[in-house]
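J.: dropping the sequence and predicted coords here.
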Amino acid sequence: GTDFCAALLLAWPPRSGRSPGASAKRKADPLETLAISSALHSSAMPRASSSGALPDLPSQEELEHIAGIRSECVPEIQALSCKADDIVGDLRVCRFLRACHGDLQQATAWFKGFLKWRVEQGIDKQRQEVIGRSPDSLLQWYDKRRNPYLGMCPYAGRNEDGQVLWFMHPGYGDPVKFVQRRKISQDEDLKTIILLLEWTMWHLDVLSRQEARMIYCIKIADLRHLGEDGRRLAIFVPSFMNFFHGAVKAMQQNYCDHDSMFVLLNTPWVFRTAWVVVKKLLTKRQVSKFRILGDTRTKEGRAALLDIVPERLLHEEYGGPVRRMVGFLPLDTPAELEKWYETRHLVPIELPENSMREAPVESVVEVVAFGEVVEIVI
C-alpha cells in the first residue's frame, strides 16, 4: 500500500503559480514522499487526537507478544554492545509490534533485522555522541553537522499533548548543491540523520517511562517554494535519490512507529485534490496520521496549525515568537553557507559532557496500563 501511494505521489503535477522557467509538469519531490512513507509505515496505532496524542502503554496481550519477540532474538540481543531500554526494552519492541499491525512474524523479523543492522553498522558505538544530551545540547551538536541544503529541525519543543515536534522545509531543499557542494561524504550526512533518530528514540523512551504513556513525534513539513528559484527536483538528481532511499529505509523499519502525525503545510491545490482519491485507498488508521493544511498565511490555515502547535513554539514565519529554529528557519546566508562548506569536514566527534559508557542494565517497574498494573522492562 505504501509503495503504491508513493507512486501516486510521484506522479502529481506542480503547484500553481510556479516560478518562471519551471517545468510545466513535475513529479512530487522525494522529500514529500519521505514524509508520506514514514507516516504510512507507522500507521498501526489508533486515531490520534487533533494535537497528536495516542493511546498509552502496551496492553497485557502486547506485553506477552513482546516477550515472545525478544525470546526469538536472544542471539541478536546478546551480540549488542549496548542493551539499553530504548533498544531492547518493552516500549521499543512495542513500536515494532504496532508498526507491523500486530503481526508477530513480521515484527520479529523487523526487530531481528534491526538488531543485526546495529551490530553491522556499529550504531551502539556511534550513538555515544548523542545519547544523554538535553534537547538544547542535541541542537548544538546538530547545528555543527547539519547539511544546510536539507532544511530540517529535529526538535522544536513539545506541544500541549507532550508530543515532540520536528519541522522540515522541503520547499527550500537543494538536492544539486547537496550532492555537489561538500567536503564530506553523503554517508556522513546519513550518519547524522541516523544519530538524530537514535537520540529521538532514546528521548521518546525516557519521556514515555517518566510519564507512563507512549510519547511520539509530530513531523511538520512546509511545501511552499518547492522547485522554485531554479532548484531542481530531487527525483532528477540520482545521487541524492540514493541518499534519500537510505534515509527512508532507516526511518521505515529501524526507527518505526515514532510518529503520531505528519502535517503538510502550504500544500498545492493539486496535492489536496489528489488526496481525496488517495485516502480512499488507505486504512482509517493511515488516514488518521495526516493533517493536510492550507496556506498558513491565511487566518484559517494559521488556526489549523495552532490546533497542533502552540503559538509559543512557532517560528516568526507562522506568527510565533521563535526567531531561529535550528536547521529550519531562517535560511542560511551566503556567508554562513560558505563557512559550513569550509569547516564541516573539520568537525570532530564530540561526546556529551560527563558522558558514561552505557551499561546493559535491565530493571522492572510497575505502571498502570488500561486500568491494570503491568510490569515494563526498562
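T.: Received it, and whenever you're ready, just let me know what you need.
J.: for the protein, what spans make up the strands?
T.: 152-153, 164-168, 217-222, 259-265, 290-292, 364-369, 372-377 (DSSP state E).
J.: ends of stretch 293-312, how far apart?
T.: 19 Å (Cα to Cα, to the nearest Å).
J.: my error: substitute stretch 307-322 in the last question.
T.: 18 Å.
J.: renumber starting at 38 from here on
T.: With the count now opening at 38, the last piece we talked about shows up as stretch 344-359.
J.: so what's the gap between that stretch and the chain middle?
T.: Put simply, stretch 344-359 sits 20 Å off its chain's centre (Cα atoms, centre = their mean, to the nearest Å).
J.: and what of stretch 350-360?
T.: Relative to where its chain is centred, stretch 350-360 has its mean C-alpha point 21 Å off (Cα atoms, centre = their mean).
J.: go on, stretch 278-287?
T.: Worked out by Cα atoms, centre = their mean, stretch 278-287 lies 13 Å from the chain centre.
J.: for Asp122, the count of nearby residues, please.
T.: Counted with other Cβ atoms under 10 Å, residues neighbouring Asp122 total 21. Glycine gets a C-beta too; all of them are placed from N, C-alpha and C.
J.: how close does it sit to Val111?
T.: 17 Å (Cβ to Cβ, to the nearest Å).
J.: poorly predicted segments of the stretch 38-187 of the chain, please.
T.: 38-92 (pLDDT under 70).
J.: now the helices for it?
T.: 39-47, 67-77, 97-108, 111-115, 122-125, 127-136, 141-158, 160-163, 172-182 (DSSP state H, counting those that start in this stretch).
J.: okay if I get those helices as CSV plus distance to Glu197?
T.: What follows is the helices of the stretch 38-187 of the chain, written out as CSV (distance: least, Cβ to Cβ, whole Å):
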stretch, distance to Glu197
helix 39-47, 30
helix 67-77, 21
helix 97-108, 27
helix 111-115, 37
helix 122-125, 25
helix 127-136, 22
helix 141-158, 31
helix 160-163, 33
helix 172-182, 17
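J.: who wins for proximity to Ala271 among these?
T.: For the helices of the stretch 38-187 of the chain, distance to Ala271 was read as Cβ to Cβ. The smallest value, 4.7 Å, belongs to helix 67-77.
J.: circling back: if I average pLDDT within each of the strands of the chain, which one is lowest?
T.: Sorting the strands of the chain by mean pLDDT places strand 401-406 lowest, at a mean of 41.
J.: about what we covered before: quick one: which of the helices of the stretch 38-187 of the chain is nearest Gly208?
T.: helix 67-77 (8.8 Å).
J.: run through who's touching stretch 228-239.
T.: Contacts with stretch 228-239, where a contact means Cβ atoms under 8 Å, 6 or more residues apart in numbering, come from 121, 123, 129, 160, 163-164, 166-168, 170, 175, 179, 182-184, 191-192, 201, 254, 284, 287-288, 291-292, 295.
J.: rerun at 7 Å
T.: Stretch 228-239 has contacts (Cβ atoms under 7 Å, 6 or more residues apart in numbering) with 123, 129, 160, 163-164, 166-168, 170, 175, 179, 182-183, 191, 254, 284, 287-288, 292, 295.
J.: I'd like to know how many residues surround the nearest residue to Ile114 once chain neighbours are set aside.
T.: In space, and not counting its chain neighbours, Ile114 is closest to Val125: 5.5 Å by Cβ to Cβ, 6 or more residues apart in numbering. Per other Cβ under 10 Å, the neighbour tally for Val125 reads 21.
J.: kindly list the longest helix within this structure.
T.: If you go by DSSP state H, the chain has its longest helix at helix 223-248.
J.: tell me which residues in it are buried?
T.: 223, 226-246 (16 or more other Cβ atoms under 10 Å).
J.: how close does Phe277 get to Tyr186?
T.: Relative to Tyr186, and taking Cβ to Cβ, Phe277 is found at 9 Å.
J.: for Glu205, give the beta-bridge partners.
T.: No Glu there; residue 205 is Met. Met205 has these beta-bridge partners by DSSP bridges: Met189, Ala258.
J.: so what's it up against?
T.: Gly188, Met189, Lys256, Ile257, Ala258.
J.: just name the closest of these to Glu348, please.
T.: Ile257 (14.2 Å).
J.: mind listing the helices for the stretch 288-415 of the chain?
T.: Using DSSP H, counting those that start in this stretch, helices in the stretch 288-415 of the chain cover 306-315, 321-324, 336-343, 371-380.
J.: can you tell which of these is closest to Phe299?
T.: helix 321-324 (10.6 Å).
J.: mean confidence score for the closest one?
T.: 68.
J.: most neighbours, which of the contacts of Met205?
T.: Highest count within these by other Cβ under 10 Å belongs to Ile257, 26 neighbours.
J.: distance from the longest helix of the chain to the middle of the chain?
T.: Distance, centroid of helix 223-248 to centroid of chain: 9 Å (Cα atoms, centre = their mean).
J.: and the angle from it to helix 172-182?
T.: Between helix 223-248 and helix 172-182, the angle comes out at 180 degrees (axes from the mean of the first three to the mean of the last three Cα atoms, to 10 degrees).
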